[in-house]
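J.: Dropping a prediction and its sequence here:
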Amino acid sequence: MPAIAASAPAGEISLEDVTVAYDRHPAVHHVSGRFSPGSLTAIIGPNGAGKSTLLKAIVGQLPVADGSIERGPLKPRDIAFLPQQASLDRAYPISVLEVVLLGHWQRVGAFGRIGRDGIRAAREALSAVGLEGFEHRPLGTLSIGQAQRALFARVLVQDARVILLDEPFNALDARTVADLLALLQRWHGEKRTVIAVLHDFDLVRQHFPEALYLARRLIAWGRSDEVLTPENQLAARRMAESWDDTAPLCDPGHAQHSHGGHAA
Amino acid sequence: MGAAIYDFLFSPFAEFAFMRRALVACFALALSGAPIGVVLMLRRMSLFGEAMSHAILPGAAVGFLVAGFSLPAISVGGIVAGLVVALAAGAATRATDQREDASFAAFYLIALALGVTLISTRGSAVDVMHILFGSVLAVDEAALLLLGVVASLSLLIFAAIYRPLLADGFDPEFLRSVGGGGTLYHFVFLGLVVVNLVAAFQALGSLMAVGLMMLPALAARYWSRSLISAMAVAALIAALSGYCGLLLSYHADLPSGPSIVLFAGGGYLLSLGFGRQGLILHWRQRRHLEA
């Protein structure tokens, strides 16, 4: 797997007062800040804090209701996104190798030829995630941990500058988490921008230099040890989880004052 | 003895051109329809074909009212009606956050009621039966030609969209994230379903056509693990059902559509019982391997 050129300025993503709404109710509310190129950031926050929503907005799958997301020279093909496991059909009659080969999609598209190099890259990715010899096993016969390894291999093959992972370590055992974390560190070392939604604060403290604490609005964004403070956890807990049907219109001027933001 | 067997199995086809045409029609439908059935099942749309087979009825009825029992008119009408229902239901699903099966249920029921009403304004009960259940006698030279062209084109288009179609069924969110545009292929595929059902209309009737598409596909899943082999097995079962069904229809003087679909149903039940992943092997204790 070739490392991306170190001189490439791409990989920066800035959020400018971003609001993403479902049916006009904000799931992510006036978030500003910047993922610097090559940064390794954990997005944390309680359930319903808008973490997945923010990831989908960054990928471009959800429209931004207000504000903007600047991706610089990044093209869609430069962003690899690994959604939560629930979104794929594990009983599908597809082999592990075929799953990994899907990672070539941005280059070959629906009709292009993958070729021998592409297949070799997929096999290398499989051995990098510890699934050597699993090429022809149906995906359905794999454990959850092995399936997640296969999906990480697909991300490897995508070879993207920016990698977004939505709760990649859910329901995995310690060894699988350790192996996949090592991959994250490798991507970080290759100057790729890596953003992962996580729940395990200890893991974030140990392995993620930066953290974004989200509770619909931004609680804090910066160095992990500065973000993961008891005060911030208290602030996140106070987040109103209720869906207020009579919520008044959000006044832009007022919102920017009271929400504050992250100085990039 | 040998002569009796020959008389029973082959002479209907040797003697009568309409039987030969019906047989070729069944083989063509088996080749193009069965793989589509496998994908329908894979995408959890097994009941979609059923819905579409009803949806094409009002269009066919309009064709029938305008031009009488004319194959091109009925076919074009059926295709238009089927596509309209597929697009309307698809659009309703995407625009309103409803589940696709709910939208399809609503639209095909409307279409069915409309179709039967239209036919009964002018036609007789015989016409309705004809359209719903088909008749081998209706497969003339022109019909067979149309059917062959449709089946061939459908198979080619299916092969062309094979990769995006399957990738979309497996992990639609991933495909969207890499710009795979699953929606377009989804609608092309829905179009193929409609066209195949309309093509099967003459030989099998609109209600029975879906049987030859789905039952072999469902049966094949009990035999094969890989997709390609499932499609091959499904096409084989469909072709065999066509042959056996036509024989039954000829010897017992039964309508061809239901006879063919009954054989396909028998193939499904056999597979359910005796298939590699069927009930018998499921019940029988199999010694596990060491690792």
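T.: Looks like it arrived, so ask away.
J.: Show me which residues of chain B sit near chain A.
T.: Neighbours of chain A within chain B, by CB under 8 Å from any CB of the partner chain: B:42, B:160-161, B:163-164, B:166-167, B:169-181, B:185, B:225-227, B:230. In this view, the C-beta of every residue, glycine as well, is placed from N, C-alpha and C.
J.: switch to 6 Å and redo it
T.: By the rule CB under 6 Å from any CB of the partner chain, the part of chain B lying against chain A is B:163-164, B:167, B:170-171, B:173, B:177-179, B:227.
J.: who in chain A is up against chain B?
T.: A:59, A:76, A:81, A:83, A:87-89, A:92-94, A:102, A:105-106, A:110.
J.: tell me the contacts of residue B:248?
T.: residue B:259 (CB atoms under 6 Å, 6 or more residues apart in numbering or on different chains).
J.: Which ChimeraX command selects the buried ones in the residues of chain A next to chain B?
T.: In ChimeraX, this line selects whichever of the residues of chain A next to chain B come out buried by 16 or more other CB atoms under 10 Å in any protein chain shown:
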select /A:59,81,83,88,89,92,93,94,102,105,106,110
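J.: Out of the residues of chain A next to chain B, which one has the weakest pLDDT?
T.: Taken together, the residues of chain A next to chain B show their lowest pLDDT at residue A:87, with 70.
J.: Which residues are in contact with that residue?
T.: residue B:173.
J.: Check residue B:64 too.
T.: residue B:74.
J.: Reformat the residues of chain A next to chain B as CSV; add secondary structure.
T.: Compiled in CSV, the residues of chain A next to chain B are given as follows (DSSP: H, G, I helix; E, B strand; the rest coil):
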residue, secondary structure
A:59, helix
A:76, helix
A:81, strand
A:83, coil
A:87, helix
A:88, coil
A:89, coil
A:92, coil
A:93, coil
A:94, coil
A:102, helix
A:105, helix
A:106, helix
A:110, coil
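J.: Pick out the most distant pair among the residues of chain A next to chain B.
T.: A:76 and A:93 (28.7 Å; CB to CB).
J.: so how far is residue B:150 from the nearest residue to residue B:34 once chain neighbours are set aside?
T.: Leaving aside its chain neighbours, residue B:34 sits nearest to residue B:234 (3.8 Å; criterion: CB to CB, 6 or more residues apart in numbering or on different chains). Applying CB to CB, to the nearest Å, the value for residue B:234 to residue B:150 is 19 Å.
J.: ok, and the helix or strand in the chain with the lowest average confidence?
T.: With no chain named, the answer covers chain A. When each helix and strand of chain A is scored by mean pLDDT, DSSP states H and E, helix A:252-259 comes last, with a mean of 48.
J.: Can you look at chain B instead?
T.: Per mean pLDDT, DSSP H and E, bottom of the list for chain B is helix B:125-133, a mean of 67.
J.: Quick check: what element follows that helix along the chain?
T.: With elements assigned by DSSP states H and E, the helix or strand that comes after helix B:125-133 is helix B:141-160.
J.: buried sites along that following helix?
T.: B:143-144, B:146-148, B:150-151, B:154-155, B:157-158.
J.: Kindly report the same for stretch A:132-152.
T.: A:134-135, A:138-139, A:142, A:145-152.
J.: Then stretch A:219-236?
T.: In stretch A:219-236, counting by 16+ other CB under 10 Å, buried: A:219-222, A:224, A:227-228, A:232-233, A:236.
J.: any idea whether the spatially most central residue of chain A is helix, strand or coil?
T.: Central residue of chain A (CA atoms, centre = their mean): residue A:164, 2.4 Å from the mean position. Under the three-state scheme (three-state DSSP), residue A:164 adopts strand.
J.: Identify the bridge partners of it.
T.: In this structure, residue A:164 bridges to residue A:81, residue A:195 when assessed by DSSP bridges.
J.: what about the strands in chain A?
T.: A:13-22, A:25-35, A:40-44, A:66-70, A:79-82, A:162-166, A:193-197, A:210-215, A:217-223 (DSSP state E).
J.: between those, which gets nearest to residue B:215?
T.: strand A:79-82 (38.0 Å).
J.: What lies in contact with that closest one?
T.: A:59, A:151, A:155, A:158, A:160, A:162-165, B:177.
J.: same deal with stretch A:56-68?
T.: A:16-21, A:79, A:81, B:177.
J.: residue contacts, residue 27?
T.: Here I'm looking at chain A. Contacts of residue A:27 (CB under 6 Å, 6+ apart): A:20, A:50, A:53.
J.: nope, chain B
T.: So residue B:27 contacts residue B:239 (CB under 6 Å, 6+ apart).
J.: and it, what element?
T.: helix B:17-42.
J.: which parts of that helix are buried?
T.: For helix B:17-42, by 16+ other CB under 10 Å, it's B:18-42.
J.: Show me where the chain dips below the pLDDT cut-off.
T.: Just so you know, I chose chain A. A:1-10, A:85-86, A:240-247, A:251-264 (pLDDT under 70).
J.: That was the other one, I meant chain B.
T.: B:123-129, B:131-132, B:136-138, B:181-182, B:202, B:285-287, B:291.
J.: tell me the centre residue of it?
T.: Central residue of chain B (CA atoms, centre = their mean): residue B:213, at 3.0 Å.
J.: Am I right that that one is in a helix?
T.: Yes: according to three-state DSSP, residue B:213 belongs to a helix.
J.: For the contacts of residue A:27, which entry has the maximal number of neighbours?
T.: residue A:50 (26 neighbours; other CB atoms under 10 Å in any protein chain shown).
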